[in-house]
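Q: model the structure of this input:
(one chain, ligands or ions: 1)
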Amino acid sequence: LGHNLYHFGQVESTQEIVHEMAKQGKPHGTVVIADEQVKGKGRMARTWNSPKGKGIWMSVLLRPNLPPMQAPQLTLLAATVLAKVIADNSDLNPQIKWPNDLLVNHKKVSGILTEMQAEQDSIQYIVLGMGINVNQDKSDIPEDILYKASSLKIESAEEWSIQHTIQEILRRFEDSYERYERLGFGAIKKDWEHFGYRIGEEVTISTMRKTWEAILVGIEPDGALRARSKDGEEEKLYSAEIHWGE
Ligand code: BTN
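A: This is a model prediction of the structure:
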């Protein structure tokens, strides 16, 4: 991972660059990093603020030998990697809000965007994007999201080395990916649960179809979220949004 690494100054979005590279046949493990994105992409067609030199804006090209159903596991894998890097390099307690948000002190510091190109039963490629708010000060974060978004610097009261943090992420990612390929998601599950946010607690869950109150039970061997509603019924979820306290 990262043997093929491209570093840009300003780009629209590292996701789009890696999609292009994938189509040109670039290999598994190609990494694109930018100092700044002017059209950073978040999940659900949201935008992702990516100010210059303040964070890690990075996309990785993966060509896994997996059925498309299992692609979401790679999101969980990436979240685990980021949580470990943060925990190992600070006193912070990162937590993963299923499926892919990284929180510190209940505020989002990082998000993951996994985009898959699949054909019938096989994955052509995956672009796994990671955005980490590293050295933003409060004044760098849009006021309307200050209550729910933060940066590693704000939470730890220290400036972080972006360069070093990127290296740590790539190193850990390579390790975890290798373990995942050998042993499957079971190898990651425990780590994920260690950082899992609100497991065992009551939250509000919404999907395209409905919104309901439930307890987060944990994740399944395949990476799905298991939730128990008040009437005791359990469900496996592959895609949903989790809220609390509203
Ligand atoms: C989310 O909505 O939480 C996911 C955010 C993902 C942002 C990263 S930054 C690097 C990569 N390039 C993008 O345009 N988006 C992802």
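Q: surely residue 115 is in contact with residue 14?
A: No. With contacts counted by CB atoms under 8 Å, residue 115 stays clear of residue 14, the gap being 11.5 Å. Glycine gets a C-beta too; all of them are placed from N, C-alpha and C.
Q: hey, what's in contact with both of these two?
A: Residues touching both residue 115 and residue 14 (CB atoms under 8 Å, 6 or more residues apart in numbering): residue 129.
Q: quick one: which of these two has more around it?
A: Set side by side, residue 115 and residue 14 give different neighbour counts by other CB atoms under 10 Å, the larger being at residue 14 (27 against 18).
Q: ok, that one touching residue 60?
A: No. Using CB under 8 Å, residue 14 is not in contact with residue 60, being 9.3 Å away.
Q: who touches both of these two?
A: 32, 129.
Q: could you pull up the residues touching residue 128?
A: Residue 128 makes contacts with 59, 60, 62, 74, 75, 78, 112, 113, 114, 115, as judged by CB under 8 Å, 6+ apart.
Q: can you do 6 Å?
A: Going by CB atoms under 6 Å, 6 or more residues apart in numbering, residue 128 touches 60, 62, 78, 114.
Q: in the lowest-mean-pLDDT helix or strand in the chain, what's buried?
A: Every helix and strand of the chain was ranked by mean pLDDT, DSSP states H and E. The lowest is strand 241-243, at a mean of 88. Neighbour counts over strand 241-243 (16 or more other CB atoms under 10 Å) mark 241, 242 as buried.
Q: ok, which stretches of this protein are strands?
A: For the chain, the strands defined by DSSP state E cover 5-11, 31-37, 55-62, 95-97, 101-104, 107-119, 122-133, 202-206, 211-219, 225-229, 234-237, 241-243.
Q: ok, and what's touching the fourth one?
A: Applying CB under 6 Å, 6+ apart, the external contacts of strand 95-97 come out as 79, 83, 103, 195, 196, 197.
Q: what pairs with the third one across the strands?
A: In this case it means residue 103. For residue 103, the beta-bridge partners are residue 95, residue 108 (DSSP bridges).
Q: what sits against the residue of the chain found nearest the ligand?
A: Shortest the chain-to-the ligand distance, computed as CB to the nearest ligand atom: residue-wise this is residue 111, at 2.0 Å. For residue 111, the contact set (CB under 6 Å, 6+ apart) comprises 101, 131.
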